[in-house]
Each structure stands twice: as C-alpha cells, then as structure tokens.
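K.L.:
Just a sequence and a predicted model for now, questions to come.
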Amino acid sequence: MIDALRSELTRSRRPGVLGAWLGLTALFTVMIVVVIFQLSTDPAGVPAAGPGVAFPTLEMLQSAQGLVAPLASASSMFGVVTLAFWAVLTASDHSTGLVRLLVSAQPRRWKLVAGKVGALVVWTAVATAVAVVVDLLVAPMIGGTSDLDLTAWGTDVASVLAGAWVNLFLALLVWGMIGLVLAVVTRSAAIAVSAGAGWVLVVESVLSAAFDGLRNWLPGSTISALASGGNDVIPYGSALALAAAYVLVCLGVTLAVFTRRDITD
Amino acid sequence: MSAVEASTLTRRFGDVVAVDRVSLQIPLGGVVGLVGPNGSGKSTLIRMLLGLIRPTSGSLRVLGEPVGGKGDYLSRVGALVENPAFVAGLSARTNLMSLAQVRGLPASRVDEVLETVGLTGRDREPVKRFSLGMKQRLGIAAALLPDPELLILDEPTNGLDPSGIVEIRGLLGRLAREGRTVVVSSHLLAEIETVCDHLVIIRFGELLFAGPITDLLAQVAGHVEIEPEHARDLDSLSAALRRAGRTVEATETGVRVRAAVGEAAAINREAAQAGITLSELRTVRESLEQVFLGLTGTDDGEIAADRARQAGGENR
C-alpha cells in the first residue's frame, strides 16, 4: 500500500494541477475574507446566506473565532474545488488509459484505491493549510479596515487556527470522497464535478427547502455543519458521525466498483 | 509450463461474443504474433491475460498461474496495451518512476529501461512534448520495468520511423533470446513474419490458428515450380504428376504444381519415380499477408481457414 501511495504522490505532483488547486484555494480565501468584511460594514446588515456561502454574524466575526469564520463560511466553495480536483485526478487515470498500466502493475486493486485516497488526503491537508495561512495573513489586514472590534482575535490563536484547520480539512475530505466515488463510477471528471457540485449546492438546497427533516442529515448540510464546528441544525458530534458514515459509504462504493469492474478504458 | 494456456476461453459483452471458446498454448520463449482483423478479439484476449477483464467462462493460465486469482504472475509480466498511457505534464522519468514505485521496484530500474529504449537524455522532458514514436518507446520502457518473463506489446512499432522499427525488432529478438516470451499484436504482417516464431490468428473471437509460423506457411496453398532436365520430358512429367492427383499447369520451360510448400520433396520423388530428373525445383509460398487475408478477409478464406484450423489443430 505504501508503494501505491508513493506512486500516487509522484504522479499527482503535477505543477499545473496542484498550482491550480492551491491557487484557487488561496484566491477563494482572499475573496471570501474581502466579501465578508465588506458586507459587515453594509448598513443593510450581513445577508443570511448566498450560493455556497453562509455568512457569519457580526457577533461571530468579533469573537475569537471571527479570525477563521470566513473559512467555515466558504467551505462549500473550497469543497467544490476539492471535489473537482479529486475527481480530475481520479477520472484522468481512466481517460488517459493509465488505469490499464496501474491495474496490471498492481493486481490488488484495493491498494491502488488506498494509494489514491492517501495521496489526495495529503494534498487536501496541504490545501486546507493554504486556506488557513492565507486567512491568517489576509483577515487581520482586511478586518483592520472595518469598524468591527477585533480585540478578541488575539485570544488563543493557535487553538482557533488548529480547530479551523481540522474542521475544514474534515469537511473537504467528505467533499473529496464524493468526487472520488463519482469519478470512479462515471469515469468522467466533468460528469463527476457536475453531479457532485450540482447535488450539494442546488439539488440538496431544493430538497431541504421542500422537506424539513432532510437538512438534518443530507451531505451538504452535514459538511457545512462540520466546517463550522457544528451549527443549530446539526451539532458537531452528529456532523462528525454523519461525515464518517458518508466517507465510509463513498469508500465502500469506490472499492466495490473499482475492484470488480472490467478495465475497458 | 506454457507462457499462456487457455481452455475454451470465452468473453461476452452482452450479446457480443468477443472471444469464443479459444483454446491455445503459447510456449515459453520466443516471439509470438497475435493477429486478426479489427474487432477480432485481440485486445479482449490481451486484457484477459493482464487481468483487466474477467473471462465469462473457460480457464486461462499465465506463466503457470490461473488468471483471476491474486494475480501474482503480473509481477513477471510487462505490457503495452493499445496506445501508451502517461501523464502528459510529467517527465518521462517521473512517469516511469511512478510505475516503478507501484510495483515496488528501485529507481535504478528506471535508468536501465530508459537506456534500453534509447530515451536517456530526453527523460527529463514532459511527455506532452514527445512524438508518437517517443511515446511508443516510453510505453515499451514501462512494459520492461518489471524485467518481465512475459512481455505483451500491442502494436509496438506504431509511430516509429524505419530505424526505430529495426531497433525495436532487434530489441524483441534480443529479449526472446534471453528466454523471455514476447507476444506482439500487430497489423504489420510483414513485421510479424520477420520477427515472430509463433503465430496466433483470431477472427470474430474464434481461434483460426495457433502454432509455429512455418507450420502455417507450409500447409497453406502455394505452388512448386519444376523444370525437367530434358525439355522432351515435359509432357510425361505433367502426366505423371496428374496421375499422382496433382493440379498442374504448363509454363514456358516447366510445370507449375499447386501444392503446399512442404510437398516439394514428394513432388521431386514422384518425378523421379516416373524416371524424370529435375533440373529446377522452386517452392513459391504465399506471404503471411496473403495467408492472413485468405484466412480472415475473403470468401476463399473460408477454405483457407479450414486448412489453417487443421494445421493449427496439430499444433495446439
């Protein structure tokens, strides 16, 4: 399994792909920080939510957690990026035919899946760190120009940052696993990204609006709750348990499909 | 032990039978040509050998191990299936390194195969800058990584220039002389005839022939051209051969006998028994291309196919 992980890390170290992933993560972090603090000065007040974004309240922004609040708010944006790159790095093995070489080199296909997941988890951890670092650099600069009282931001910074990293990382992991399973099943990055992002951002919103009880356990709600350390709808513990269940289901389906399917690509 | 041993191997895709009850043995060592028209089932057969596709029924053993088990035999098999598949943005070396790592091979093996296929010096360039021929060489390098006992190459000379083709032909011969078995799928029949010792011909998923190329060429129709020592014996020579049940046709100076090339000695004997000494005896055989087209592509091929099945039956 270590061999498969090393191989996957070597192969996924593509400057273009990783640059785009980490660059988009940094760009979205800057954008969300700017937007949130811009809105905080709007006399109309902070909107409740936008597409893929849940805006923090002014109280939240002025608390110690306010330093990292933009990260949780934009977790869906980071999530779509993560889902896309997990899907691209998985589906491209099929579209290029590389999967033929890999499976004939390592017939125990579960090891290939484990290596792929391991490498993508590593890059997801790096992307999460980039988001946290960029937020740490940009939020005080942008926040300092607002009228908000940010004195609480200096409290327990390390713990706040670590908590934000863990929550965002776990949320992105679920997004990534959704990208992985969709890419393995469809063998197409485009279909996987469309289906995954479309479901979490659009279909699930419609379903949640139509059926109240669904928002307590659907993946999009779960991921949002996880990223923000729990919320009014799903407490943190439940979000963790649900997220673990989604990861296990995605992994199970991925393994079942990839180990049993004929390689005709 | 055979390199490949298949028994009533069948693979269906819905209603389509891609490989139909194929039984064959490929001996260890030498170069084996796998030929057949497009859609004949070659790729499906190769994919089954590599464990990429599971057979619907029948059994398949590669290097003595059953396909469908743990697949340990694959550590002794290298393959280039269809077009070479690599990450375009990464260098040749990084691509090979990644494949070496997944097999648990040392980095030194990458240097060795790069040198074998003549890509040393270009190995740091991204694959997207490679020509088709260079990608093909890289594909062969990837197949050679595990130092394989069985090497399966699908159209290995595709995209190579003439000198590259000669080079790869030499490489295949060298690998076979080292005791490896090299299975080459190709549409270039002249290439197959030059390089291969054994041949497997399939059409519509059915095995038409499996055995040494010489057996196939010896038993399919060709002709023998003979000339008697004395021109006055021409008529009696034709008559003697007709009495022996042969189809003959007069030429300017001799007789053309329709016969398999392996029958030249018998014809010589029949002439001698008639008291005629031959001054010339030439066997003219069909090229592999003509044989292949006869077997797979024309109505006349049905007759040739039957002949080949009979010939193949003796060699399976």
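P.N.:
Happy to help now that I have it.
K.L.:
what does the stretch 101-250 of chain A have sitting close to chain B?
P.N.:
A:101-108, A:112, A:115 (CB under 8 Å from any CB of the partner chain). (C-beta placed from N, C-alpha, C; glycine too.)
K.L.:
Redo the residues you listed as CSV? Include secondary structure, pLDDT and neighbour count.
P.N.:
Formatted as CSV, those follow (DSSP: H, G, I helix; E, B strand; the rest coil; pLDDT from 0 to 100; neighbours: other CB atoms under 10 Å in any protein chain shown):
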residue, secondary structure, pLDDT, neighbour count
A:101, helix, 89, 27
A:102, helix, 92, 24
A:103, helix, 91, 24
A:104, helix, 89, 25
A:105, helix, 89, 28
A:106, coil, 89, 23
A:107, coil, 87, 20
A:108, coil, 89, 16
A:112, helix, 94, 23
A:115, helix, 94, 24
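K.L.:
Point to the residue nearest the middle of the chain.
P.N.:
Looking at chain A here, since you left the chain open. Against the mean C-alpha coordinate of chain A, by CA atoms, centre = their mean, the closest residue is residue A:172 at 2.3 Å.
K.L.:
think we crossed wires, I meant chain B
P.N.:
residue B:33 (1.2 Å).
K.L.:
For that one, list each beta-bridge partner.
P.N.:
residue B:184, residue B:199 (DSSP bridges).
K.L.:
show me what contacts whichever residue of chain B sits closest to chain A?
P.N.:
Taking CB to the nearest CB, chain A has its nearest neighbour within chain B at residue B:71, 2.7 Å off. Applying CB atoms under 8 Å, 6 or more residues apart in numbering or on different chains to residue B:71 gives the contacts A:107-108, B:51.
K.L.:
any chance of the residues you listed in a markdown table, plus distance to residue A:162?
P.N.:
A markdown table is the format used below for the contacts of residue B:71 (distance: CB to CB, whole Å):
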| residue | distance to residue A:162 |
| --- | --- |
| A:107 | 41 |
| A:108 | 36 |
| B:51 | 45 |
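K.L.:
Can you tell me, leaving aside adjacent residues, what's nearest to the closest residue to chain B within chain A?
P.N.:
As assessed by CB to the nearest CB, chain B sits closest to residue A:107 within chain A, at 2.7 Å. Distances taken as CB to CB, 6 or more residues apart in numbering or on different chains place residue B:71 nearest to residue A:107, at 2.7 Å, with adjacent residues excluded.
K.L.:
residue ranges of the strands in the chain, please?
P.N.:
Picking chain A for this. Per DSSP state E, chain A carries strands over the ranges A:49-50, A:53-54.
K.L.:
my bad, the chain I had in mind was chain B
P.N.:
Using DSSP E, strands in chain B cover B:4-13, B:16-26, B:30-35, B:57-62, B:65-66, B:77-80, B:150-154, B:181-185, B:198-203, B:206-212, B:221-228, B:247-250, B:255-260, B:278-284.
K.L.:
Tell me where the model's unsure across the stretch 51-200 of chain A.
P.N.:
Applying pLDDT under 70 to the stretch 51-200 of chain A picks out residues A:51-53.
K.L.:
ok, the residue of chain A closest to chain B - contacts?
P.N.:
Counted by CB under 8 Å, 6+ apart, residue A:107 has contacts B:51, B:70-72, B:74.
K.L.:
Got a quick PyMOL command for the buried subset of these?
P.N.:
Filtering these down to the buried ones (16 or more other CB atoms under 10 Å in any protein chain shown) takes a single PyMOL command:
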select buried, chain B and resi 51+71+74
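K.L.:
So what pairs up with residue B:65 in the strands?
P.N.:
residue B:62.
K.L.:
and it, what pLDDT?
P.N.:
With respect to pLDDT, residue B:65 has a value of 89.
K.L.:
Check residue B:175 too.
P.N.:
85.
K.L.:
From residue B:271, how far out is residue A:152?
P.N.:
The gap separating residue A:152 from residue B:271 is 113 Å, by CB to CB, to the nearest Å.
K.L.:
Please apply the same query to residue A:228.
P.N.:
99 Å.
K.L.:
okay, now residue B:178: neighbour count?
P.N.:
With neighbours defined by other CB atoms under 10 Å in any protein chain shown, the count for residue B:178 comes to 11.
K.L.:
Any chance of the contacts of residue A:107 in JSON lines with distance to residue A:214 as columns?
P.N.:
Shown next, in JSON lines, are the contacts of residue A:107 (distance: CB to CB, whole Å):
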{"residue": "B:51", "distance to residue A:214": "42"}
{"residue": "B:70", "distance to residue A:214": "44"}
{"residue": "B:71", "distance to residue A:214": "43"}
{"residue": "B:72", "distance to residue A:214": "48"}
{"residue": "B:74", "distance to residue A:214": "46"}
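K.L.:
Hmm, residue A:175 and residue A:83 touching each other?
P.N.:
Yes. Assessed by CB atoms under 8 Å, residue A:83 is found in contact with residue A:175 at 4.6 Å.
K.L.:
Quick check: residue A:12 touching residue A:123?
P.N.:
Yes. Using CB under 8 Å, residue A:12 is in contact with residue A:123, at 6.6 Å.
K.L.:
Touching both of these two, which residues are there?
P.N.:
residue A:18.
K.L.:
Let me see the contact set for residue B:255.
P.N.:
B:225-227, B:234, B:237-238, B:241, B:248-249.
K.L.:
what do you get if the cut-off is 10 Å, keeping everything else the same?
P.N.:
For residue B:255, the contacting residues are B:224-228, B:234-235, B:237-238, B:240-242, B:246, B:248-249, B:267, B:271, B:278, by CB atoms under 10 Å, 6 or more residues apart in numbering or on different chains.
K.L.:
now residue B:21
P.N.:
B:6-10, B:57-58, B:205-207.
K.L.:
next one: residue B:19
P.N.:
Neighbours of residue B:19 in contact, by CB under 10 Å, 6+ apart: B:6, B:9-13, B:40-42, B:44-45, B:47-48, B:53, B:55-56, B:58, B:60, B:202, B:204-207.
K.L.:
next one: residue B:278
P.N.:
B:226-229, B:233, B:237, B:254-255, B:267-268, B:271-272.
K.L.:
again, only using 8 Å
P.N.:
Contact analysis of residue B:278 by CB under 8 Å, 6+ apart lists B:226-229, B:268, B:271-272.
K.L.:
Model confidence score at residue 227, please.
P.N.:
Here I'm looking at chain A. Residue A:227 is given a pLDDT of 84.
K.L.:
You answered for a different chain; I wanted chain B.
P.N.:
So residue B:227 comes in at 91 (pLDDT).
K.L.:
where along chain A do the helices fall?
P.N.:
A:2-12, A:15-40, A:58-62, A:69-73, A:75-95, A:98-105, A:109-144, A:157-186, A:189-198, A:204-210, A:219-227, A:236-260 (DSSP state H).
K.L.:
Thanks a lot, see you next time.
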